[in-house]
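K.L.:
Return atomic coordinates for the entry below.
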Amino acid sequence: VSTQSTGLQEVVSEEQNEAGRIPRTLECELTGDLVGSCVPGENVSISGIVKVHHGGDEHRTKSAKDKCMFLLFVHANYVGSSSSSGDSALVITMSDVMEINSLADRYPFGALVNSLCPTIFGHILVKAGLILALVGGTDRSGDLESGLHKRSDSHVLIVGDPGLGKSQLLQAVSNVAPRGVYVCGNSATAAGLTVTLTRDGSDTVLEAGALVLADKGCCCIDEFDKMAGQHSALLEAMEQQSISIAKAGMVCSLPARTAVLAAANPVGGHFNPKKSVADNLKLSAPLLSRFDLIFILLDRPDSGLDKFLSDHVLAMHAAESGSQHETRESDLPLEQRLMSCKEQVDMLMMKKYIAHVRSTVQPTLSDDAKAVLKEYYLQLRGENSNDETPITTRQLESLIRLTESRARVAQRSVATGADAVDVVEIFQHCMRDAQAKSSVTGPAGSGKAMGVAKASKLLIAALNKHSERTCSSLFSVTEIREVMVRAKIEVKSFDSLIYALNEQGFLLKKGTNIFQLQTSTCL
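P.N.:
Got it, this is the predicted structure:
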């Protein structure tokens, strides 16, 4: 008779959470056709008979100290999977459905955004992107005709200076998600994120990590930049949404259909606008390209924003509640609509609303939405001259997923052109922040903007040619300007470009207004 031994761990909800206690575990034995009916990280309901076995049993003992113990285990006769509902402890009643439909008739997107971590002021579009990632796009896992898996979950990365509320946003998202797992990057390992293989006597046991436990939910990773050497474990899970194991003679694949929401601090403590996102975080390009949205939070002085922030903080300390008037869809830009909406819902209602729309609404794109996304994608491809943020088909797939998420929030079965316009506004916010570097223009008369990296490559190549002709690696500021004029590189901020090349080690300052080219063959 085929047998399988599994370990059960209780699911502790927010109401049952007791401080200072870890979740309890119990061994369970599966026999016959129940073998292989569940995988690590899956929520299951098991019925069976509680039995006792002696610790001295050679087949069950774990260590010598267990030989004098009587251990409990469950001999299962029924295994039911509850992974499709996300949170097994979440029950949606008929009254909840009526309240959900009533909220959908108003402006649910604004209410959800305002209800997500209301103690953090501002960051409206960042919260909007997190809500869209929580809701997710249309599930295409059942479409096996093409033989290719297309992920429906969106990944979000928040980069910014310390003290701007990134960790609070992630904790709020993990609490609101029907199934959410929160981990900190400085204490997480590759095995802790994916799957761990342990020895139990003569058997090999799989223990699910954070990504597997967050299947059909979200995994919030804080201090993403502190995970030195662990990022490669996320590549397969973020794109293929599965984790393959080939260790200790065991070859298998576990589902990891989760949305990765990460927060990171730049290298050096503060974001340097003169560097790219990859240079600020020291992350690889393949990993960054898997994130659908990359938000950059900068602590810039703004008199108007500071006034609103001070009013918000004072209102929080005075325990004042905002007006709960209804707000409906309008023709205003997305950010203005979200800021004008004052309606909020409680955390439990948010969790039920998100779980309901994820399980009942599967939207498709309308012709208007396809036209908006196609026009914006072609515009990005035409204007893309920054080598550090290339525009590929992954960006188009991200736009499609986010548009479906926007329609899901409003409980629409067809995504409209207005949904696509809202997603384009969020995407433009991310692209504008990612490309907010030094102002450098292309060849004279072209009128096209280029990134600092591309301008640096052109200038270094021109300086190398000039160095070969003159057999000298030293350049004065005047000579550098002359070389740039001959190469037709117009720079609005010449000092910023020289400073960036000096920081990157291409130009070494040797004296007053004298620089040495480190890539020259005449050193």
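
K.L.:
From now on I want contacts and neighbour counts done on CA atoms only, so please keep to that.
P.N.:
OK.

K.L.:
Identify the bridge partners of residue 30.
P.N.:
Beta-bridge partners for residue 30, by DSSP bridges, are residue 4.

K.L.:
what about it, neighbour count?
P.N.:
21 (other C-alpha atoms under 10 Å).

K.L.:
repeat for residue 333
P.N.:
11.

K.L.:
same deal with residue 419?
P.N.:
23.

K.L.:
Please name the residues that touch it.
P.N.:
By C-alpha atoms under 8 Å, 6 or more residues apart in numbering, the residues touching residue 419 are 369, 403, 406-407.

K.L.:
Spatially, what comes nearest to residue 254 if we skip its sequence neighbours?
P.N.:
Of all residues not flanking residue 254 in the chain, residue 243 sits nearest, at 5.2 Å (C-alpha to C-alpha, 6 or more residues apart in numbering).

K.L.:
Which parts of the stretch 351-500 of the chain are strands?
P.N.:
364-365, 414-415, 474-476 (DSSP state E, counting those that start in this stretch).

K.L.:
returning to that earlier point: surely the residue nearest to residue 254 forms part of a strand?
P.N.:
Yes - if the criterion is DSSP: H, G, I helix; E, B strand; the rest coil, then residue 243 is within a strand.

K.L.:
So it sits against residue 196, correct?
P.N.:
No - using C-alpha atoms under 8 Å, residue 243 is not in contact with residue 196, being 11.4 Å away.

K.L.:
count of neighbours near residue 406?
P.N.:
29.

K.L.:
Then residue 248?
P.N.:
10.

K.L.:
Repeat that for residue 379.
P.N.:
By other C-alpha under 10 Å, the burial measure for residue 379, its neighbour count, is 11.

K.L.:
What pLDDT is listed against the nearest residue to residue 392 once chain neighbours are set aside?
P.N.:
Among residues not flanking residue 392 along the chain, residue 381 sits closest, at 7.9 Å (C-alpha to C-alpha, 6+ apart). Residue 381 carries a pLDDT value of 82.

K.L.:
pLDDT weak spots in the stretch 1-150 of the chain?
P.N.:
For the stretch 1-150 of the chain, residues meeting the criterion pLDDT under 70 lie at 1, 12-21, 41, 54-69, 82-89, 141-149.

K.L.:
Can you list the residue ranges for strands in it?
P.N.:
Counting by DSSP E, counting those that start in this stretch, the strands of the stretch 1-150 of the chain are 3-9, 25-31, 44-54, 70-81.

K.L.:
Adding distance to residue 251, write these out as a markdown table.
P.N.:
Output for these, formatted as a markdown table (distance: least, C-alpha to C-alpha, whole Å):
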| stretch | distance to residue 251 |
| --- | --- |
| strand 3-9 | 17 |
| strand 25-31 | 21 |
| strand 44-54 | 23 |
| strand 70-81 | 23 |
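
K.L.:
And those: which comes nearest residue 361?
P.N.:
Closest to residue 361 of those is strand 70-81 (C-alpha to C-alpha; 21.5 Å).

K.L.:
Give the partner strands of that closest one in its sheet and their orientations.
P.N.:
Going by DSSP bridges, the partners of strand 70-81 are strand 25-31 (parallel), strand 44-54 (antiparallel).

K.L.:
Show me what that strand is in contact with.
P.N.:
26-31, 34, 37-38, 42-55.

K.L.:
Count the neighbours of the residue nearest to residue 392 for me.
P.N.:
Look at residue 381: counted by other C-alpha under 10 Å, it has 14 neighbours.

K.L.:
I figured it hits residue 391, correct?
P.N.:
Yes - when contacts are counted by C-alpha under 8 Å, residue 381 is listed as touching residue 391 (6.1 Å).

K.L.:
if we can go back for a sec, so which of the contacts of residue 419 comes closest to residue 181?
P.N.:
residue 406 (23.2 Å).

K.L.:
Skipping adjacent residues, who's closest to the closest one in space?
P.N.:
Using C-alpha to C-alpha, 6+ apart and skipping residues adjacent in sequence, the residue nearest residue 406 is residue 419, 5.8 Å away.

K.L.:
State the distance from that neighbour to residue 334.
P.N.:
Distance, residue 419 to residue 334, by C-alpha to C-alpha, to the nearest Å: 10 Å.

K.L.:
coming back round to it: among the strands of the stretch 1-150 of the chain, which comes closest to residue 503?
P.N.:
Counting by C-alpha to C-alpha, residue 503 lies closest to strand 3-9 out of the strands of the stretch 1-150 of the chain; the figure is 51.6 Å.

K.L.:
who's in contact with the closest one?
P.N.:
Here strand 3-9 has contacts from 23-32, 35-36, using C-alpha under 8 Å, 6+ apart.

K.L.:
quick one, which of residue 243 and residue 196 is more surrounded?
P.N.:
Shown here are residue 243 and residue 196; by other C-alpha under 10 Å, residue 243 has more neighbours (21 against 15).

K.L.:
ok, that one - contacts?
P.N.:
Counted by C-alpha under 8 Å, 6+ apart, residue 243 has contacts 194-195, 236-237, 253-256.

K.L.:
what do you get if the cut-off is 6 Å, keeping everything else the same?
P.N.:
237, 253-254 (C-alpha atoms under 6 Å, 6 or more residues apart in numbering).

K.L.:
That one and residue 35, how far apart?
P.N.:
Per C-alpha to C-alpha, residue 243 is found 21 Å from residue 35.

K.L.:
and what of residue 101?
P.N.:
For residue 101 relative to residue 35 (C-alpha to C-alpha), the value is 41 Å.

K.L.:
Check residue 23 too.
P.N.:
Using C-alpha to C-alpha, residue 23 is found at 25 Å from residue 35.

K.L.:
And these two? Which one has more around it.
P.N.:
With neighbours defined as other C-alpha under 10 Å, residue 23 and residue 35 compare such that residue 35 has more, 15 against 11.

K.L.:
Show the backbone phi and psi for the more buried one.
P.N.:
Taking degrees, to the nearest 10, you get phi -70, psi 130 for the backbone angles of residue 35.

K.L.:
show me the residues around it that make contact.
P.N.:
Here residue 35 is in contact with residue 4 (criterion: C-alpha under 6 Å, 6+ apart).

K.L.:
isn't residue 154 right next to residue 133, touching?
P.N.:
Yes - using C-alpha atoms under 6 Å, residue 154 is in contact with residue 133, at 5.1 Å.

K.L.:
Can you get me a residue count around the closest residue to residue 364 other than its chain neighbours?
P.N.:
Of all residues not flanking residue 364 in the chain, residue 414 sits nearest, at 4.9 Å (C-alpha to C-alpha, 6+ apart). Residue 414 has 18 neighbours, counted by other C-alpha under 10 Å.

K.L.:
Does residue 414 touch residue 361 like I think?
P.N.:
No - Residue 414 is beyond contact range of residue 361, at 9.6 Å (criterion: C-alpha under 6 Å).

K.L.:
next structured bit after the lowest-mean-pLDDT helix or strand in the chain?
P.N.:
Ranked by mean pLDDT, DSSP states H and E, the helix or strand of the chain with the weakest confidence is helix 303-317, at a mean of 63. Of the helices and strands lying after helix 303-317 in sequence (DSSP states H and E), the nearest is helix 334-340.

K.L.:
Could I get the buried residue list for that next one?
P.N.:
Using 16 or more other C-alpha atoms under 10 Å as the test for burial, helix 334-340 gives 334-335, 337-338.
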